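1. just a sequence and a predicted model for now, questions to come.
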Amino acid sequence: MKDLTKGSPIKLIIAFAIPILIGNIFQQLYNLIDTVIVGQTLSVKALAAVGATAPIVSLIIGFAIGMTNGFAVIVARYFGAKDYEKMRQAVAGTIVLGLATSAVLTVSSLLGIKSLLNLLDTPKDIMDNALLFIRIILLGMTFSMLYNMLAGILRALGDTKNPLYFLIISTVVNIILDFLFICTFRMGIEGAAYATVLSQLLSTVLCFRYILKNYPILRLKRRHFKFKRSLIVELFSTGISMGLMLSVVASGTVILQSSINGFGTATIAAHTAARKISEMFMLPFGTLSVTAATFSSQNYGAKKPDRIKKGLKQTILVSWIWATVCIIISYTFMPIIISGITGTSQIEIIQTATKYLRIDTPFYYVLGILLILRSTLQGIGQKVIPIIASFFELGGKIVAVSYLAPTMGYFGICITEPIIWVVCTAFLLISCIGISKKISLISAQS
């Protein structure tokens, strides 16, 4: 366990973030490995099928993971306040709400997935593969949510290393299963989906066994499941807030995908490759935002607003350093990277994917502020403002599909997110002026 309320904020933030970053990289490798193997061993159509489902998977599973992150914020707050009895009750509530949410999402998403793919104008030549792939992923969604729930509880207590170890093991297994199912058993795109689900199941089992054996502070008794209504409301509202925040953003990506689908299979494949690289680039920003949520939540519980402000500034500075690295890579090696991922030498695909990344990456400085500030607000109990910012992002993507894409083509898609990042960040910065004064009152009340 690691107490983030004492010591140098920047040292604690970096030490806390590095294992999360490595873990996020391995989590992304689940998808990237599938993409590379599918692109290299199957076909461009199979790659496009995976790409056409990616935004939908991000929407549904992203909401589930967002909720578990919200639950972990409450656990971290009680841990920071040293109120361990309420912390255990929050963990018990997390388990009940997490399982219930997973069951509802699995059933509802499976029932509606074909209609959603049709609504997004998924090309007929990739529809069967897209349905096959996403249905298997959705059936295994509970394993993904359970792992993230358990890992979130450990992170709330400052433990970021052990969830990483479990992810490394499961990723290695995923690679082995990918080659076994796709290359040896010739299971096609179905094999890639099964490999991902089974490896996620393994990471869940490993994490659960570790907590039972090594964390007596998390051992629950029957009384911990007798919640007060106020705790359930607190958990659910924070979980819904973070889940909505991620799913609203992902909804905009799904809407963009409907427009991209209209540009044809080659553009879908190019955008799929570009988004995979973009997701890898954005991992440190996501990692820093998760770190900011836990850091701010623990210090909010400990009534230390000055540490929250200092940690926020230092976290943003780290994000700017990474943004510079992304820009350099994007403008030097990107065509080679695109070709390696897609397994194609088609100039159209390589140039389209490269253009997308070279337009987006210079705006990563703004993106870093947006993600870190939004998570910090969640950490101090500000649930509404981050959701409003997310709806701004959704509205911007609707405008892009309605006006920019029809008039400017794929270039309109490329400029959409940078414009949205600037608008959302400006809104958050203005909102934070009043919130900064509000949280400073914590010191006076303590």
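-> Good, I have the coordinates.
2. and stretch 23-37, average pLDDT?
-> Across stretch 23-37, the average pLDDT comes to 71.
3. from here on, count from 886
-> I'll keep to 886 as the first residue from here, and by that count the last item is stretch 908-922.
4. what is the neighbour count of Lys1098?
-> Neighbourhood size, Lys1098 [other C-beta atoms under 10 Å]: 8. For glycine as for every other residue, the C-beta is placed from the backbone atoms N, C-alpha and C.
5. can you give me the pLDDT of it?
-> pLDDT, read off for Lys1098, is 92.
6. now the one 10 residues further on
-> Turning to Arg1108, the model gives it a pLDDT of 90.
7. just Ile1320 next, same as before
-> 64.
8. kindly report the same for Leu982.
-> 92.
9. how about it, what does it touch?
-> Counting by C-beta atoms under 8 Å, 6 or more residues apart in numbering, Leu982 makes contact with 952, 956, 1117, 1120-1121, 1124.
10. of these, closest to Gly924?
-> Met952 (32.2 Å; C-beta to C-beta).
11. can you report how many residues neighbour the closest one?
-> Look at Met952: counted by other C-beta under 10 Å, it has 31 neighbours.
12. what's the answer for Glu1233, then?
-> 13.
13. in the chain, which residue is most central in space?
-> Gly947 (6.0 Å; C-alpha atoms, centre = their mean).
14. quick check, that residue in contact with Leu1129.
-> No: judged on C-beta atoms under 8 Å, Gly947 makes no contact with Leu1129 at a distance of 10.4 Å.
15. shaky segments in the stretch 1186-1331 of the chain?
-> 1319-1331 (pLDDT under 70).
16. which helix or strand contains Lys1188?
-> For Lys1188, there is no host helix or strand (DSSP states H and E).
17. who's the closest spatial neighbour of Ala988, skipping the chain neighbours?
-> Take Ala988 and drop its neighbours on the chain: the residue closest to it by C-beta to C-beta, 6 or more residues apart in numbering is Thr1027, 7.5 Å away.
18. host element of that neighbour?
-> Short version, using DSSP H and E: Thr1027 is in helix 1026-1041.
19. can I get the helix or strand following that helix as PDB, trimmed to CA atoms?
-> Remark: after helix 1026-1041, the chain's next helix or strand is helix 1046-1063, criterion DSSP H and E. This file holds the C-alpha atoms of helix 1046-1063, laid out as PDB (Å, rounded to 0.1, in the frame of the first residue of the first chain):
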ATOM      1  CA  LYS A1046       2.700  -3.000  -9.100                       C
ATOM      2  CA  ASN A1047       0.800  -6.200  -8.600                       C
ATOM      3  CA  PRO A1048      -2.000  -5.500 -11.100                       C
ATOM      4  CA  LEU A1049       0.800  -4.900 -13.600                       C
ATOM      5  CA  TYR A1050       2.400  -8.300 -12.900                       C
ATOM      6  CA  PHE A1051      -1.000 -10.000 -13.600                       C
ATOM      7  CA  LEU A1052      -1.400  -8.100 -16.900                       C
ATOM      8  CA  ILE A1053       2.100  -9.100 -18.000                       C
ATOM      9  CA  ILE A1054       1.300 -12.700 -17.500                       C
ATOM     10  CA  SER A1055      -2.100 -12.500 -19.200                       C
ATOM     11  CA  THR A1056      -0.600 -10.600 -22.200                       C
ATOM     12  CA  VAL A1057       2.000 -13.200 -22.800                       C
ATOM     13  CA  VAL A1058      -0.800 -15.800 -22.700                       C
ATOM     14  CA  ASN A1059      -2.800 -13.700 -25.100                       C
ATOM     15  CA  ILE A1060       0.100 -13.700 -27.600                       C
ATOM     16  CA  ILE A1061       0.500 -17.400 -27.400                       C
ATOM     17  CA  LEU A1062      -3.300 -18.000 -27.800                       C
ATOM     18  CA  ASP A1063      -3.400 -15.600 -30.700                       C
END
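20. which other helices and strands contact helix 1046-1063?
-> With contacts taken as 3 or more C-beta pairs under 8 Å, 6 or more residues apart in numbering; DSSP states H and E, helix 1046-1063 sits against helix 894-926, helix 1026-1041, helix 1074-1099.
21. so for it, what gets flagged as buried?
-> The neighbour-count check on helix 1046-1063 (16 or more other C-beta atoms under 10 Å) flags 1046-1053, 1055-1056, 1058-1059, 1062-1063 as buried.
22. other residues contacting it?
-> Here helix 1046-1063 has contacts from 904-905, 907-908, 911-912, 914-915, 918-919, 922, 1032, 1035-1036, 1039-1040, 1076-1077, 1079-1081, 1083-1085, 1087-1088, 1091-1092, 1095, using C-beta under 8 Å, 6+ apart.
23. next, the angle helix 894-926 makes with it.
-> With axes from the mean of the first three to the mean of the last three C-alpha atoms, to 10 degrees applied, the angle from helix 1046-1063 to helix 894-926 works out at 10 degrees.
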